[in-house]
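Colleague: fold the following for me, if possible:
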Amino acid sequence: MKICILRTDRMGDMLLTLPVILSLKISNPGSEIHVVCSKKNYKVIKDVNYIDKIFKINGDLTSYIKNIVKIRKNKYHYIVNFTPGIKNIVLSIFIRSLNKANLILLSRYRKNFLSKLFNKILSKFFFDTVHIVDRYNRLKNKKNLHQTNMMFDLIKICKIKFKQNVNTVISLPKKKLSFFKKKTIVVHINERWLNNSYSEKNLIELISQIHKKKYLVILTSDSTCKNKFHDIYKKYKVILNSNFTKIKKLKNNPVLFNNLDYNYWLKTIYSASAVITPECGCSHIAAACKVPVNIIYDHTNYPQAINNEYAPWKSKYNKFTFGDKKLNEKIILSI
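Modeller: The predicted structure is shown next:
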């Protein structure tokens with residue numbers, strides 16, 4: 001059996017999809033699993049040994065057309081689209097498959113008949129199986145809304161064999177960083193730290209409090225950070241990606257690892273004693289590494305709903321919310 005999975009959005013979304021892909025591989029011996037991914041989430045699957053072939057779409061029209069040509073050389077038993085949006089529906093139309101399945105997620109914020117109407121119309125004509133999830137009603141009635149469960153629901157409707165008790169499995173480093181000699185706390189920095197109740201000053205205070213506990217504090221950043229966290233970049237020693245492999249011993253504490261390549265960043269997370277991060281792909285990476293993770297949710301964007309839908313799959317974690325006046329104190333107590 002040959003199955004093609006479409007997941008062309010973010011890193012976190014792909015990490016929530018991996019249990020489904022692994023389950024299909026385990027439950028269907030001899031099956032061949034192909035994945036269509038994006039430039040953003042390719043890094044988390046490029047070394048995964050249970051995916052047989054990967055098609056990476058970079059986002060530009062040329063890459064999109066080239067991949068359609070490549071994918072059309074295959075004929076699948078199933079193509080399963082887990083990514084919201086028109087692009088993947090159009091892509092699915094051109095892929096040769098005996099069965100085509102599409103997941104449509106309606107608005108979680110309000111009841112709206114027009115929500116994803118065009119997607120529903122196209123799906124009716126071009127897909128054999130469509131699973132429409134009314135997220136607003138599910139939240140209202142306190143029903144399960146986890147992304148991974150919703151993907152498993154679509155697989156079940158397709159009548160493909162699967163096992164739901166599968167963890168997120170990624171390709172992990174062979175060993176930990178040698179210069180992490182004592183308890184190390186990784187604080188992942190991105191723009192989600194900054195909101196109407198939490199500032200860069202609050203974050204620096206949190207870092208200082210962790211440092212006072214005699215922990216090694218490692219800050220990791222993404223490409224959005226340098227122009228948003230001016231004080232942090234001035235205050236702490238910055239280590240560039242190009243110098244990462246030259247580190248023998250850390251003379252500074254805290255220290256900022258600036259915009260590392262994925263493999264270096266993964267090794268940093270894997271080597272940590274605990275990770276502190278806003279809700280983003282980092283929380284799923286830490287969970288997959290089995291590193292205790294502390295996740296802070298945006299208090300202005302339905303934090304409980306986001307947690308219900310995007311929490312790390314089958315993993316323990318500590319949950320916090322921006323807007324809590326004792327947030328720093330609670331995080332310190334959790335580590």
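Colleague: do a quick rundown of the strands in the stretch 151-300 of the chain.
Modeller: Ranges of strands within the stretch 151-300 of the chain are 184-189, 216-221, 237-240, 255-258, 274-278, 293-297, based on DSSP state E, counting those that start in this stretch.
Colleague: quick check: mean pLDDT of the second one?
Modeller: So that's strand 216-221. Average pLDDT, strand 216-221: 97.
Colleague: which of the strands of the stretch 151-300 of the chain sits closest to Met151?
Modeller: strand 293-297 (20.8 Å; C-beta to C-beta). From N, CA and C alone the C-beta is placed, and that goes for glycine too.
Colleague: now render the strands of the stretch 151-300 of the chain as JSON lines, adding mean neighbour count and distance to Leu122.
Modeller: Shown next, in JSON lines, are the strands of the stretch 151-300 of the chain (neighbours: other C-beta atoms under 10 Å; distance: least, C-beta to C-beta, whole Å):
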{"stretch": "strand 184-189", "mean neighbour count": "25", "distance to Leu122": "37"}
{"stretch": "strand 216-221", "mean neighbour count": "23", "distance to Leu122": "39"}
{"stretch": "strand 237-240", "mean neighbour count": "15", "distance to Leu122": "46"}
{"stretch": "strand 255-258", "mean neighbour count": "21", "distance to Leu122": "43"}
{"stretch": "strand 274-278", "mean neighbour count": "24", "distance to Leu122": "34"}
{"stretch": "strand 293-297", "mean neighbour count": "24", "distance to Leu122": "33"}
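Colleague: reformat those strands as JSON lines; add distance to Asn195.
Modeller: Shown next, in JSON lines, are the strands of the stretch 151-300 of the chain (distance: least, C-beta to C-beta, whole Å):
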{"stretch": "strand 184-189", "distance to Asn195": "14"}
{"stretch": "strand 216-221", "distance to Asn195": "18"}
{"stretch": "strand 237-240", "distance to Asn195": "24"}
{"stretch": "strand 255-258", "distance to Asn195": "21"}
{"stretch": "strand 274-278", "distance to Asn195": "9"}
{"stretch": "strand 293-297", "distance to Asn195": "10"}
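Colleague: from the chain's centre, how far out does the longest helix seen in the chain sit?
Modeller: In the chain, ranked by residue count with DSSP state H as the criterion, the top helix is helix 11-27. Its chain's C-alpha centre and that of helix 11-27 lie 12 Å apart, by C-alpha atoms, centre = their mean, to the nearest Å.
Colleague: avg pLDDT for that helix?
Modeller: 98.
Colleague: send over it as PDB, restricted to the C-alpha atoms.
Modeller: Coordinates of each C-alpha in helix 11-27 appear next as PDB, following Å, rounded to 0.1, in the frame of the first residue of the first chain:
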ATOM      1  CA  MET A  11       7.100  22.600  12.400                       C
ATOM      2  CA  GLY A  12       4.700  22.100  15.300                       C
ATOM      3  CA  ASP A  13       2.000  20.900  13.000                       C
ATOM      4  CA  MET A  14       4.300  18.300  11.500                       C
ATOM      5  CA  LEU A  15       5.400  17.100  14.900                       C
ATOM      6  CA  LEU A  16       1.800  16.500  15.800                       C
ATOM      7  CA  THR A  17       1.400  14.600  12.600                       C
ATOM      8  CA  LEU A  18       4.300  12.200  13.100                       C
ATOM      9  CA  PRO A  19       2.400   9.900  15.500                       C
ATOM     10  CA  VAL A  20      -0.100   9.300  12.700                       C
ATOM     11  CA  ILE A  21       2.600   8.600  10.100                       C
ATOM     12  CA  LEU A  22       4.400   6.200  12.400                       C
ATOM     13  CA  SER A  23       1.200   4.500  13.300                       C
ATOM     14  CA  LEU A  24       0.400   3.900   9.600                       C
ATOM     15  CA  LYS A  25       3.900   2.500   9.000                       C
ATOM     16  CA  ILE A  26       3.700   0.100  12.000                       C
ATOM     17  CA  SER A  27       0.100  -1.000  11.400                       C
END
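Colleague: cool, thanks, talk later.
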